[in-house]
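Peer 1: Compute the structure for the input listed below.
(one chain, ligands or ions: 1)
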Amino acid sequence: MKAQYDVLVVGGGIMGLSSAYYLALKGSSVMVLDQFDVPNQWAASGEHLRSFGLTYGKDVFYTEMAVKSIALWQELDTQSGEKFFVQNGMLELATDTHGYEEQSCAVLKEMRLPAVKMGKEEVRRHYPMINTRAIKYALFHKDGGMIWARRATAAISMLAQRKSVRVKTHCKAALVLREKNAITGIKDSSGKVWRAENYLFTAGAWTPELLKNSVPLKITCQQQIYVRPPSNRGRYRPEHFPVFYVSSQGFSGFPLHIHGFMKIAGFRQGPAGKPGLTDKVLTAFDKKCRIFLKRYIPELAAFTESEGSVSYFDNTKDGDFIMDRLSSVSNGYVACGFAEKGLRFAPLIGKTMAELITGAKPELNLHRFRLSRLKSSR
Ligand SMILES: Cc1cc2nc3c(=O)[nH]c(=O)nc-3n(C[C@H](O)[C@H](O)[C@H](O)COP(=O)(O)OP(=O)(O)OC[C@H]3O[C@@H](n4cnc5c(N)ncnc54)[C@H](O)[C@@H]3O)c2cc1C
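Peer 2: Okay, the predicted model is just below:
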């Protein structure tokens with residue numbers, strides 16, 4: 001049977017669309033399928049805002065990836081004529097002097113990236129809302145910030161379609177058809193079969209269901225809450241207030257956005273879950289948020305207006321991503337396991353998957369992202 005496309009991408013979240021865009025730039029014909037709209041509220045990339053951080057403790061590799069991603073985000077902003085990559089800085093509140101922030105600071109300095117260590121007095125001066133009794137110091141890096149995730153996903157979809165990528169929404173891939181060691185097609189839930197030379201699976205938290213658990217991932221249900229500052233709203237605007245991150249407490253937060261709300265997110269793994277099964281933010285999370293805010297930004301803890309949302313991490317057991325060829329077939333590829341930090345690297349991940357699929361040598365060293373590392377010790 002003749003293939004209709006060079007590459008069929010299953011999953012039109014930001015990773016699938018970025019891959020499709022860079023594949024098209026390399027001259028491939030590409031079709032993207034998504035079970036819902038593009039973007040959609042259930043996808044991890046369908047969320048309004050995601051943080052862009054440059055720090056990973058002593059793990060230089062991810063800092064290097066973040067630096068490479070900056071230029072690609074800026075290029076996407078330019079190409080689309082939009083502004084979804086906002087470098088309004090990231091403020092990390094350190095609760096001890098020898099931990100994650102100290103290691104991160106050393107890496108930033110070594111890489112000659114701008115980083116400022118602020119003492120309590122300086123933190124108070126710049127951000128009087130922060131309770132400096134709860135911290136030892138703060139690390140500010142001005143190249144960090146945030147990405148308007150849903151808008152970026154929509155813009156990349158538009159850019160990809162301008163390069164002749166086809167995007168089919170409301171089309172759920174139901175079955176992967178195989179013959180010997182090759183994928184021969186994807187049957188959708190209406191029974192239609194889609195054929196291509198190569199297949200890329202970027203289904204996020206739905207990957208275990210789609211690939212019948214052949215890719216080892218743990219899906220966890222994550223909560224976030226949008227709160228309206230009860231007072232002093234103006235000082236939380238993005239031009240005055242950066243993204244903030246408290247590694248020791250597992251929380252991050254964003255400046256004021258959409259209708260005067262601020263997003264507070266927990267980034268520690270939540271309970272095991274499955275997309276669609278849980279759609280209510282547990283009241284326990286609201287309580288945890290108030291406790292966190294009371295300690296670090298007390299005036300926010302008195303919020304009376306809030307709204308919660310749930311989405312899902314696709315976790316690997318070592319915290320590294322999966323970007324590889326599927327081991328059992330010659331023409332199948334997978335990119336997933338992006339859990340709590342994938343979105344900031346989306347253009348780099350898309351570009352790398354395009355290189356891998358077209359047989360070019362990926363610029364990024366993919367050693368850490370191989371599937372075999374997870375399977376061998378399962
Ligand atoms: C709560 C939370 C907070 C996060 N915070 C950050 C952060 O601050 N910074 C950061 O960089 N990253 C963050 N991330 C991670 C980031 O959001 C994800 O890594 C990224 O969005 C993953 O994109 P994706 O395209 O792989 O998956 P998704 O965006 O989930 O897209 C997958 C797509 O596949 C489609 N699909 C699935 N199954 C099928 C099928 N059978 N047929 C057709 N289509 C299908 C889905 O409909 C969906 O549109 C966070 C993630 C979560 C959940």
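Peer 1: Smallest distance to the ligand belongs to which residue of this protein?
Peer 2: Per Cβ to the nearest ligand atom, G13 is where the chain lies closest to the ligand, at 2.0 Å. C-beta here means a position set from N, CA and C on the backbone, and glycine is covered the same way.
Peer 1: what ranges do the helices span in the stretch 251-378 of the chain?
Peer 2: Taking DSSP state H, counting those that start in this stretch as the criterion, the stretch 251-378 of the chain carries its helices at 283-296, 346-358, 372-375.
Peer 1: Quickly compare the ones you listed and say which is most buried.
Peer 2: Ranked by mean neighbour count under mean count of other Cβ atoms under 10 Å, the helices of the stretch 251-378 of the chain are led by helix 346-358, which reaches a mean of 24.
Peer 1: Residues contacting that one, please?
Peer 2: When contacts are taken as Cβ atoms under 8 Å, 6 or more residues apart in numbering, the neighbours of helix 346-358 outside the stretch itself are 7, 14-15, 17-23, 25-26, 28, 45, 65, 68-69, 72-73, 75-76, 152, 156, 198, 200, 202, 321, 323-325, 333, 335, 338, 342, 360-364, 366.
Peer 1: near the ligand at all, stretch 75-88?
Peer 2: No: with Cβ under 6 Å from any ligand atom as the threshold, stretch 75-88 lies outside contact range of the ligand, at a closest distance of 11.5 Å.
Peer 1: Do me a favour and get the end-to-end distance for that stretch?
Peer 2: End-to-end span of stretch 75-88 (Cα to Cα, to the nearest Å): 18 Å.
Peer 1: what about V86, how many neighbours?
Peer 2: Around V86 sit 18 other residues, with neighbours defined as other Cβ atoms under 10 Å.
Peer 1: Quick one: name the residues of the chain near the ligand.
Peer 2: Residues of the chain lying close to the ligand (Cβ under 6 Å from any ligand atom) are 10-16, 33-36, 40, 43-45, 50-51, 172-173, 202-206, 210, 222, 224, 265, 311-313, 336, 338, 340-344.
Peer 1: doesn't L54 make contact with V67?
Peer 2: Yes: under the criterion of Cβ atoms under 8 Å, V67 makes contact with L54 at 7.0 Å.
Peer 1: anything in contact with each of these two?
Peer 2: Between them, V67 and L54 share these contacting residues under Cβ under 8 Å, 6+ apart: L113.
Peer 1: D34: how many residues sit nearby?
Peer 2: By the criterion of other Cβ under 10 Å, D34 has 26 neighbours.
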